[in-house]
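In: the sequence and its predicted three-dimensional model are supplied below.
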Amino acid sequence: MNNTLVRKVIDRLRTAEEPSTRQTILATFGHWKTTSAGKHRQFHRVLTLLHDADGPRSVSELRTALGISERHLQRLFRAQAGVPPKLYLRLLRFERAYHFLLNHPPLPNAEVAFRHGFADGAHLSREFRSFCGATPRMVRTAAPLSS
(Lines give C-alpha, C1' and ligand atoms only; values in the text may rest on other atoms or scores of the structure.)
Protein backbone atom coordinates (compact mmCIF):
# COMPACT_ATOMS: atom_id res chain seq x y z
CA MET A 1 0.00 0.00 0.00
CA ASN A 2 1.18 3.47 -0.81
CA ASN A 3 1.29 5.27 2.54
CA THR A 4 1.71 8.62 0.85
CA LEU A 5 -1.39 8.43 -1.35
CA VAL A 6 -3.49 10.60 0.96
CA ARG A 7 -0.76 13.26 0.97
CA LYS A 8 -0.55 13.06 -2.84
CA VAL A 9 -4.32 13.44 -3.11
CA ILE A 10 -4.17 16.61 -1.02
CA ASP A 11 -1.22 18.02 -3.01
CA ARG A 12 -2.87 17.29 -6.35
CA LEU A 13 -6.19 18.76 -5.26
CA ARG A 14 -4.39 21.97 -4.38
CA THR A 15 -2.89 22.27 -7.87
CA ALA A 16 -5.83 20.99 -9.93
CA GLU A 17 -7.47 23.69 -11.99
CA GLU A 18 -10.24 21.75 -13.70
CA PRO A 19 -13.27 20.37 -11.84
CA SER A 20 -12.97 17.11 -13.78
CA THR A 21 -9.40 16.74 -12.52
CA ARG A 22 -10.55 17.23 -8.93
CA GLN A 23 -13.28 14.65 -9.43
CA THR A 24 -10.75 12.15 -10.78
CA ILE A 25 -8.45 12.79 -7.82
CA LEU A 26 -11.30 12.29 -5.35
CA ALA A 27 -12.38 9.13 -7.20
CA THR A 28 -8.85 7.77 -6.75
CA PHE A 29 -9.09 8.58 -3.06
CA GLY A 30 -12.46 6.82 -2.90
CA HIS A 31 -11.03 3.74 -4.58
CA TRP A 32 -8.09 3.69 -2.16
CA LYS A 33 -10.49 3.87 0.81
CA THR A 34 -12.43 0.83 -0.37
CA THR A 35 -9.47 -1.32 -1.44
CA SER A 36 -7.00 -0.56 1.34
CA ALA A 37 -9.44 -1.04 4.18
CA GLY A 38 -9.46 -4.82 3.98
CA LYS A 39 -5.69 -5.13 4.30
CA HIS A 40 -5.58 -4.19 7.97
CA ARG A 41 -8.48 -5.31 10.16
CA GLN A 42 -8.35 -2.47 12.69
CA PHE A 43 -7.96 0.17 9.99
CA HIS A 44 -10.90 -1.40 8.13
CA ARG A 45 -12.94 -0.87 11.29
CA VAL A 46 -11.74 2.75 11.47
CA LEU A 47 -12.77 3.46 7.87
CA THR A 48 -16.11 1.70 8.34
CA LEU A 49 -16.86 3.95 11.32
CA LEU A 50 -15.72 7.10 9.50
CA HIS A 51 -17.74 6.41 6.38
CA ASP A 52 -20.95 5.73 8.27
CA ALA A 53 -23.22 8.76 7.86
CA ASP A 54 -23.62 9.03 11.65
CA GLY A 55 -19.99 8.14 12.32
CA PRO A 56 -17.50 10.06 14.44
CA ARG A 57 -16.63 13.57 13.25
CA SER A 58 -13.61 14.20 15.45
CA VAL A 59 -10.47 12.39 16.49
CA SER A 60 -11.76 12.24 20.05
CA GLU A 61 -15.08 10.69 18.97
CA LEU A 62 -13.24 8.19 16.75
CA ARG A 63 -10.82 7.22 19.52
CA THR A 64 -13.70 6.72 21.94
CA ALA A 65 -15.71 4.65 19.44
CA LEU A 66 -12.72 2.39 18.82
CA GLY A 67 -11.72 2.16 22.48
CA ILE A 68 -8.06 2.92 21.76
CA SER A 69 -5.64 5.59 22.92
CA GLU A 70 -5.03 8.72 20.91
CA ARG A 71 -1.40 7.71 20.45
CA HIS A 72 -2.38 4.30 19.07
CA LEU A 73 -4.84 5.99 16.69
CA GLN A 74 -2.06 8.34 15.53
CA ARG A 75 0.29 5.39 14.87
CA LEU A 76 -2.43 3.46 13.05
CA PHE A 77 -3.18 6.37 10.71
CA ARG A 78 0.48 7.12 10.07
CA ALA A 79 1.11 3.46 9.20
CA GLN A 80 -2.00 2.89 7.06
CA ALA A 81 -2.78 6.31 5.55
CA GLY A 82 0.50 8.18 5.90
CA VAL A 83 -1.19 11.16 7.57
CA PRO A 84 -2.51 11.99 11.04
CA PRO A 85 -6.18 11.18 11.72
CA LYS A 86 -7.15 14.86 11.95
CA LEU A 87 -5.89 15.57 8.43
CA TYR A 88 -7.69 12.49 7.14
CA LEU A 89 -10.92 13.64 8.80
CA ARG A 90 -10.52 17.11 7.26
CA LEU A 91 -10.04 15.59 3.81
CA LEU A 92 -13.04 13.31 4.26
CA ARG A 93 -15.23 16.24 5.36
CA PHE A 94 -14.00 18.30 2.38
CA GLU A 95 -14.70 15.41 0.00
CA ARG A 96 -18.28 15.05 1.24
CA ALA A 97 -18.95 18.79 0.99
CA TYR A 98 -17.33 18.96 -2.47
CA HIS A 99 -19.55 16.18 -3.84
CA PHE A 100 -22.58 17.77 -2.19
CA LEU A 101 -21.89 21.08 -3.93
CA LEU A 102 -21.60 19.35 -7.30
CA ASN A 103 -24.75 17.28 -6.94
CA HIS A 104 -27.27 19.52 -5.18
CA PRO A 105 -28.91 22.86 -5.88
CA PRO A 106 -27.00 25.84 -4.49
CA LEU A 107 -27.45 26.46 -0.79
CA PRO A 108 -25.87 29.15 1.37
CA ASN A 109 -22.38 28.23 2.56
CA ALA A 110 -23.60 28.25 6.15
CA GLU A 111 -26.14 25.52 5.34
CA VAL A 112 -23.57 23.37 3.51
CA ALA A 113 -21.16 23.92 6.41
CA PHE A 114 -23.74 22.82 8.97
CA ARG A 115 -24.64 19.67 7.01
CA HIS A 116 -21.02 18.57 6.74
CA GLY A 117 -19.56 19.37 10.15
CA PHE A 118 -17.87 22.71 9.55
CA ALA A 119 -18.15 25.41 12.21
CA ASP A 120 -19.60 27.97 9.79
CA GLY A 121 -19.51 29.18 6.18
CA ALA A 122 -16.14 30.87 6.65
CA HIS A 123 -14.64 27.61 7.92
CA LEU A 124 -16.05 25.81 4.86
CA SER A 125 -14.49 28.41 2.55
CA ARG A 126 -11.10 28.20 4.29
CA GLU A 127 -11.03 24.42 3.97
CA PHE A 128 -12.00 24.60 0.28
CA ARG A 129 -9.22 27.11 -0.38
CA SER A 130 -6.81 24.95 1.59
CA PHE A 131 -7.65 21.72 -0.23
CA CYS A 132 -8.40 22.87 -3.76
CA GLY A 133 -7.48 26.53 -4.00
CA ALA A 134 -11.06 27.53 -4.77
CA THR A 135 -14.04 28.74 -2.79
CA PRO A 136 -17.29 26.76 -2.71
CA ARG A 137 -18.82 29.35 -5.07
CA MET A 138 -15.97 28.89 -7.54
CA VAL A 139 -16.47 25.10 -7.39
CA ARG A 140 -20.21 25.48 -8.06
CA THR A 141 -19.61 27.90 -10.93
CA ALA A 142 -16.88 25.82 -12.58
CA ALA A 143 -18.88 22.57 -12.41
CA PRO A 144 -22.62 23.08 -12.95
CA LEU A 145 -25.12 20.78 -11.29
CA SER A 146 -24.85 17.21 -12.60
CA SER A 147 -27.84 15.99 -14.53
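Out: The structure has been received and is ready for your questions. Residues are numbered from 1 along each chain as shown.
In: can you list the buried residues in the helix-or-strand element of the chain with minimal mean pLDDT?
Out: In the chain, no helix or strand scores lower on mean pLDDT, DSSP states H and E than helix 19-36, which sits at a mean of 83. Buried residues in helix 19-36, defined by neighbour count with 16 or more other C-beta atoms under 10 Å: Pro19, Arg22, Gln23, Ile25, Leu26, Phe29, Trp32, Lys33, Ser36. No exception for glycine: its C-beta is placed from N, CA and C like everyone else's.
In: quick check on the closest residue to the second one other than its chain neighbours: phi, psi?
Out: Across the structure, with C-beta to C-beta, 6 or more residues apart in numbering as the measure, the residue nearest Arg22 apart from its sequence neighbours is Ala16 (4.8 Å). Its backbone dihedrals place Ala16 at phi -70, psi 130, with angles given as degrees, to the nearest 10.
In: so where is the chain shaky, pLDDT-wise?
Out: Within the chain, the ranges that satisfy pLDDT under 70 run 1-3, 36-39, 143-147.
In: for the residue nearest the centre of the chain, what are its contacts?
Out: Nearest residue to the geometric centre of the chain (C-alpha atoms, centre = their mean): Leu92, 1.5 Å. Applying C-beta atoms under 8 Å, 6 or more residues apart in numbering to Leu92 gives the contacts Leu50, His51.
In: helix, strand or coil for it?
Out: helix (DSSP: H, G, I helix; E, B strand; the rest coil).
In: I'd like the buried residues of helix 19-36 as TSV, with distance to Leu102 appended.
Out: As requested, the buried residues of helix 19-36 are exported to TSV (distance: C-beta to C-beta, whole Å):
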residue	distance to Leu102
Pro19	8
Arg22	9
Gln23	8
Ile25	13
Leu26	10
Phe29	15
Trp32	20
Lys33	18
Ser36	24
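In: ok, so of these, who is nearest Ser130?
Out: Arg22 (13.6 Å; C-beta to C-beta).
In: ok, the closest one touching Phe128?
Out: No. Applying C-beta atoms under 8 Å as the test, Arg22 and Phe128 come out as separate, 10.7 Å apart.
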